[in-house]
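Novice: the sequence and its predicted three-dimensional model are supplied below.
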Amino acid sequence: MKKVFILTLIPALGSLFVINRVEPYVLGLPFVLFWAICWVGLTSLFLIIANKLDPANKEEE
């Protein structure tokens, strides 16, 4: 489960090295805005996966 916590570092580290740009646009959005929107969606996806994998959430048979 510790590997999941490492995934939380990706947006923070990426913001320092990857999105520190002025010009690039993705889908008509400035890259900083695209980065933030992308991570909102990915965070939701990661939470759904964590919920499915958590043994405490398994239904008793």
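Specialist: Sure thing, it's come through. Residues are numbered from 1 along each chain as shown.

Novice: buried ones in the helix or strand Cys38 falls within, by neighbour count?
Specialist: For Cys38, the element it lies in under DSSP states H and E is helix 31-53. By neighbour count on 16 or more other CB atoms under 10 Å, the buried set for helix 31-53 is 31, 34-35, 39. Where you see a C-beta, it was placed from the backbone N, CA and C, and this is true even at glycine.

Novice: and Leu7, how far is that from Gly41?
Specialist: Distance of Leu7 to Gly41, computed by CB to CB, to the nearest Å: 14 Å.

Novice: same check on Gly28?
Specialist: Distance from Gly28 to Gly41, counting by CB to CB: 17 Å.

Novice: and Pro24, by the same measure?
Specialist: From Pro24 to Gly41 the distance is 19 Å (CB to CB).

Novice: kindly report the same for Glu59.
Specialist: Separation of Glu59 from Gly41 (CB to CB) stands at 27 Å.

Novice: what do you get for Leu9?
Specialist: From Leu9 to Gly41 the distance is 18 Å (CB to CB).

Novice: ok so, going back, out of the buried residues of helix 31-53, which is nearest to Ile48?
Specialist: Each of these was scored against Ile48 by CB to CB, and Trp39 proved nearest at 14.7 Å.

Novice: any idea of the mean pLDDT for stretch 13-20?
Specialist: When pLDDT is averaged along stretch 13-20, the result is 68.

Novice: now swap in stretch 32-39 and tell me
Specialist: 83.

Novice: what distance separates it from the centre of its chain?
Specialist: Computed by CA atoms, centre = their mean, to the nearest Å, the chain-centroid distance of stretch 32-39 equals 9 Å.

Novice: same question, stretch 35-52
Specialist: Taking mean C-alpha positions (CA atoms, centre = their mean), stretch 35-52 and its chain are 5 Å apart.

Novice: also stretch 54-61?
Specialist: Between the centre of stretch 54-61 and the centre of its chain there are 25 Å (CA atoms, centre = their mean).
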